[in-house]
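Engineer: Sequence and computational prediction follow.
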Amino acid sequence: MQQSPLSNKQFLTGILLSSVTGLILVTCSFLIGKNNFFLLLNNDLGKPADIFFSFWTNMGDGIVWVVIAIFFYLYRKNKFPLLIAAIIISTLITQLTKNYAFPAELRPTSAITDISQIHTVPGVELLTAYSFPSGHTATAFTIFLLGCLLIRKNWVISVGFVYALLVGYSRIYLAQHFPLDVGAGMLTGVITILLSVVIQEKWDLKR
């Protein structure tokens, strides 16, 4: 990197926001109870919210990386190692955790006995297992932090954080994840970007 990330106030702010929010969700999940905290946040906000979150949750899908890759190709070719590292590290952390550390962790509609308490959205396929952590949230927060690092505009923090936070909440609203999973996804994004920055810096030094 041409400039140390530690001197980038936007990046540090993004890291702080993501870390604090993720830790709050994780802490509340243990204090209130994973199921109870989910039911507290999984409220029916009406048809417009159903439509919005059904769409917005796709903003954390893996296909979004294609759009980000196009941006890097057009404007940040010298930072491709950062992008590739972010994709690989985020995927490895989420998949290894889902499949080995916490294998087949149940999703809300499978873990909570009384499903009538859960708000679900018609047409949304409800997954049953591999809940922890939220991969969509990890992707969204990794992208948010990439933006904080590379886009030197004041709006990137507010717009990027709202984008990523809404992706995370969409996973709760659509009954796909617990807040605990979402909080872990946020922290995964933080770990991912910090490791990716180290890889980019080593690449720059070799060049």
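Structural biologist: Thanks, I have the structure now. Residues are numbered from 1 along each chain as shown.
Engineer: what distance separates stretch 54-68 from the centre of its chain?
Structural biologist: Mean-position distance between stretch 54-68 and its chain equals 11 Å (C-alpha atoms, centre = their mean, to the nearest Å).
Engineer: Show me what the mean pLDDT comes to for it.
Structural biologist: The average pLDDT for stretch 54-68 rounds to 95.
Engineer: likewise stretch 171-180?
Structural biologist: Taken as a whole, stretch 171-180 has a mean pLDDT of 98.
Engineer: Also stretch 126-141?
Structural biologist: pLDDT averaged over stretch 126-141 gives 96.
Engineer: Tell me which residues of it come out buried.
Structural biologist: Using 16 or more other C-beta atoms under 10 Å as the test for burial, stretch 126-141 gives 127, 130-141. Bear in mind the C-beta positions are built from the backbone N, C-alpha and C, glycine included.
Engineer: Can you list which of these are found in helices?
Structural biologist: Counted as lying in helices by DSSP state H, out of the buried residues of stretch 126-141, are Gly135, His136, Thr137, Ala138, Thr139, Ala140, Phe141.
Engineer: Now flag whichever of those is closest to Thr57.
Structural biologist: Using C-beta to C-beta, His136 comes nearest to Thr57 of those, at 6.3 Å.
Engineer: What's the local residue count around the closest residue to the closest one other than its chain neighbours?
Structural biologist: Among residues not flanking His136 along the chain, Gly60 sits closest, at 3.2 Å (C-beta to C-beta, 6 or more residues apart in numbering). Using other C-beta atoms under 10 Å, Gly60 is surrounded by 25 other residues.
Engineer: now the helices for this structure?
Structural biologist: Remark: helices assigned in the chain by DSSP H are 9-32, 34-41, 47-56, 64-75, 80-96, 108-111, 135-150, 155-173, 179-206.
Engineer: If I take the longest one and helix 34-41, what angle do their directions form?
Structural biologist: Taking axes from the mean of the first three to the mean of the last three C-alpha atoms, to 10 degrees, helix 179-206 and helix 34-41 form an angle of 90 degrees between their directions.
Engineer: Please shift the residue numbers so they start at 5 in all later answers.
Structural biologist: Sure, I'll start numbering at 5, so the last one becomes helix 183-210.
Engineer: Output the contacting helices and strands for helix 183-210.
Structural biologist: For helix 183-210, the contact count by 3 or more C-beta pairs under 8 Å, 6 or more residues apart in numbering; DSSP states H and E identifies helix 13-36, helix 38-45, helix 84-100, helix 139-154, helix 159-177 as packing neighbours.
Engineer: Can you tell me which of the ones you listed is most buried?
Structural biologist: Comparing these by mean neighbour count (mean count of other C-beta atoms under 10 Å), helix 139-154 ranks first with a mean of 27.
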